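Colleague: predicted model follows, preceded by the sequence.
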Amino acid sequence: MCLGLLAIALPARAEEATIAVAANFLTTARTLAEAYEAESGHDLILAHGSTGRLYAQILAGAPFDLFLAADQARPADLETRGVAVARMTYAVGEVVLVSRTPIADPLAELDSTRVALANPEIAPYGATACAALAAIGGDCAGLEARMGDSVGQAASLFVTGNADLALLARSQLPSLDGTIHVHRFDVPEGRLAQDAVLLARGADNPAARGFYDFLATEAARATMDAAGYERAE
């Protein structure tokens, strides 16, 4: 009888999960992972990059348990293929234009200077930036672009002085040093819903499933609010 009581009292065994995180969400994911680890006792490993590259790695068999993407199309495709077992929209991001000097006319500024941009072929924030520009009469094809694989690399190009302007995620603003001027496009095309998928590899992993569920809690959503993300409707 005593042994039975002792078995019930023991905590669940800590597990480890590997999370693929889109570059725009990395800083927020680290904050959320720290809170989740403290609460659950599980360990999380974060792997980051552009959504397109992470998606390709998942299809190639990369050992990820959960995927926090910067779009909805790739997670939906993984679900259709049977590679993912659950999907939800965890955040809505926004593209902004940043500079070191005030931006009087965004289109004029973009046409005449170096612009850091995430590759729209593999990075949703790059594709969304081009869509936002098109909505206000601009054109990505005419930019003197400094291209990064991800919006994280685009930010690095701006920070290191290799670009004078950058099309970034609003959630990245706190990480930029110095005086930064921001232009918000305020068009629907400048926002993007971001989906998370629990991958088949992580379906029976308590650490992965627990973090997937944690993303929908009010505590996690408050952290994402503070980081500059909007909530899905």
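Modeller: On my side now, so go ahead. Numbering: from 1, shown residues only.

Colleague: and the residue sitting nearest the centre point of the chain, what does it touch?
Modeller: Nearest residue to the geometric centre of the chain (C-alpha atoms, centre = their mean): Phe25, 3.2 Å. Shown in contact with Phe25 (C-beta atoms under 8 Å, 6 or more residues apart in numbering): 68, 70, 91, 93, 171, 194. Bear in mind the C-beta positions are built from the backbone N, C-alpha and C, glycine included.

Colleague: same deal with Val151?
Modeller: 23-24, 50, 70, 118, 123, 125-126, 168-169, 172.

Colleague: show me these that map onto strands.
Modeller: 118, 168-169 (DSSP state E).

Colleague: top of those residues by neighbour count?
Modeller: Ala118 (36 neighbours; other C-beta atoms under 10 Å).

Colleague: which ones are touching the nearest residue to it once chain neighbours are set aside?
Modeller: Leaving out its chain neighbours, the residue that sits closest to Ala118 by C-beta to C-beta, 6 or more residues apart in numbering is Gly126, at 3.5 Å. When contacts are counted by C-beta under 8 Å, 6+ apart, Gly126 touches 117-120, 147, 151, 154, 167.

Colleague: returning to what we had before: distance-wise, check the residue nearest to the centre of the chain relative to Ala62.
Modeller: Phe25 sits 18 Å away from Ala62, going by C-beta to C-beta, to the nearest Å.

Colleague: and the contacts of stretch 37-45?
Modeller: By C-beta under 8 Å, 6+ apart, stretch 37-45 touches 11-12, 14-19, 33, 36, 206-207, 210-211, 214.

Colleague: identify each buried residue in the longest helix seen in the chain, please.
Modeller: Taking DSSP state H as the criterion, the chain has its longest helix at helix 26-40. Within helix 26-40, the residues scored as buried using 16 or more other C-beta atoms under 10 Å are 26-29, 32-33, 36, 40.

Colleague: and the closest residue to Arg184 other than its chain neighbours, which of the three is it?
Modeller: Nearest non-adjacent residue to Arg184, counting by C-beta to C-beta, 6+ apart: Val96, 5.4 Å away. With DSSP: H, G, I helix; E, B strand; the rest coil as the basis, Val96 sits in strand.

Colleague: dump stretch 25-36 to CSV, keeping only the CA atoms.
Modeller: Taking Å, rounded to 0.1, in the frame of the first residue of the first chain, the C-alpha atoms of stretch 25-36 are listed here in CSV:
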residue,chain,number,x,y,z
PHE,A,25,9.0,34.3,-33.6
LEU,A,26,12.3,33.2,-32.2
THR,A,27,12.6,35.8,-29.4
THR,A,28,9.0,35.2,-28.3
ALA,A,29,9.4,31.5,-28.5
ARG,A,30,12.4,31.6,-26.2
THR,A,31,10.3,33.5,-23.6
LEU,A,32,7.5,31.1,-23.9
ALA,A,33,9.8,28.0,-23.8
GLU,A,34,11.4,29.3,-20.6
ALA,A,35,7.9,29.7,-19.0
TYR,A,36,6.7,26.3,-20.2
